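sharing a model that was predicted from the sequence below.
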Amino acid sequence: MKITKFKIILGSSSPRRRDILTQMGINFDVRVCDEEEKYPKNLKGKEVSEYLAIQKAKFLKGSIKKGELLITSDTIVCNDNIILTKPRDKTEAFKMLNGLSGKTHKVITSVCLCSIKKKVVFSDETSVRFSELDDDIISYYIEQHHPFDKAGSYGIQEWIGLIGIDRIKGSYTNVVGLPSSKLFQRIRNF
C-alpha cells in the first residue's frame, strides 16, 4: 500500500527501526546520522527525546531532496524522572536494569518528519513494568545480548522482555523504537 507521495528516508542506523518500517510495508532508504546525542541538561522527559529527534533532522536536512520525507527519532527511558541513556559498559547496564527491576518506567519516543518545506514533531509514551529481576538474570542478559545500543539497557523484543516484563500500557513498537500506528497516520497526513 502506498501511503505517501514522498520517498521515505530513515535517518537512523537502528536495525529495529528498519524492521518496523519494513513490517509496516514502507519502502525506504537509510541515511545515517552520526551526530552525538547531547542535550541541554535543563530538559526533562519528552523534551529530551524531541530535542534529539530534531537535532538528528537538522544534521541530515541538507541531504534532503525535493520529494523526500526524512524520519528521525529518539527513544529514551525515564525511571523515577531520571533519563536512562545507552549504557557505556556492563557495570552501567547492570545498574540500569537493577534500577528498573520490580518497577514501572516510561519509554518515550519522539519522531521528526521533515521535508524541504515542512517539519512535524510528535511523541508517544509507553509505561513498562518489569517483574523482580535477580542479579543472575540481569548478568545473563547483559552477557548474552550486549544491550549497549539500547536506551535503558534493554530490548523489549529480546529475552529479558520475554521473561521479565509483566505488563505494558501503550504501544509495543514505541518501546522497540518507533510508534508505528502514530507514525503511519502522520506520514499519511504529511
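Everything's here; your move. Numbers count the residues shown, from 1 in each chain.

after the one helix or strand residue 18 maps to, which helix or strand is next?
Under DSSP states H and E, the secondary-structure element containing residue 18 is helix 15-23. The C-terminal neighbour of helix 15-23 among helices and strands, as given by DSSP H and E, is strand 28-30.

any buried residues in the next helix or strand after that following strand, and which?
Using DSSP H and E, the helix or strand that follows strand 28-30 towards the C-terminus is helix 46-60. Within helix 46-60, the residues scored as buried using 16 or more other CB atoms under 10 Å are 46, 48-57, 59-60. Where C-beta positions appear, they are placed from N, C-alpha and C, glycine not excepted.

chain center to the helix or strand just after helix 46-60: distance?
Sequence-wise, the next helix or strand beyond helix 46-60 is strand 68-79, with elements assigned using DSSP H and E. The chain centre lies 5 Å from the centre of strand 68-79; the measure is CA atoms, centre = their mean, to the nearest Å.

next, the angle helix 15-23 makes with strand 68-79.
Counting by axes from the mean of the first three to the mean of the last three CA atoms, to 10 degrees, strand 68-79 points 130 degrees away from the direction of helix 15-23.

what angle separates strand 68-79 from helix 46-60?
Put simply, strand 68-79 runs at 150 degrees to helix 46-60, going by the same axes, to 10 degrees.

which residues touch the closest residue to residue 184 other than its chain neighbours?
Distances taken as CB to CB, 6 or more residues apart in numbering place residue 24 nearest to residue 184, at 6.3 Å, with adjacent residues excluded. Taking CB atoms under 8 Å, 6 or more residues apart in numbering as the contact definition, residue 24 lies against 180, 183-184.

which one of those is nearest to residue 137?
residue 180 (28.8 Å; CB to CB).

does that closest one touch residue 17 like I think?
No: here residue 180 lies out of contact with residue 17, judged by CB atoms under 8 Å, at a distance of 10.2 Å.
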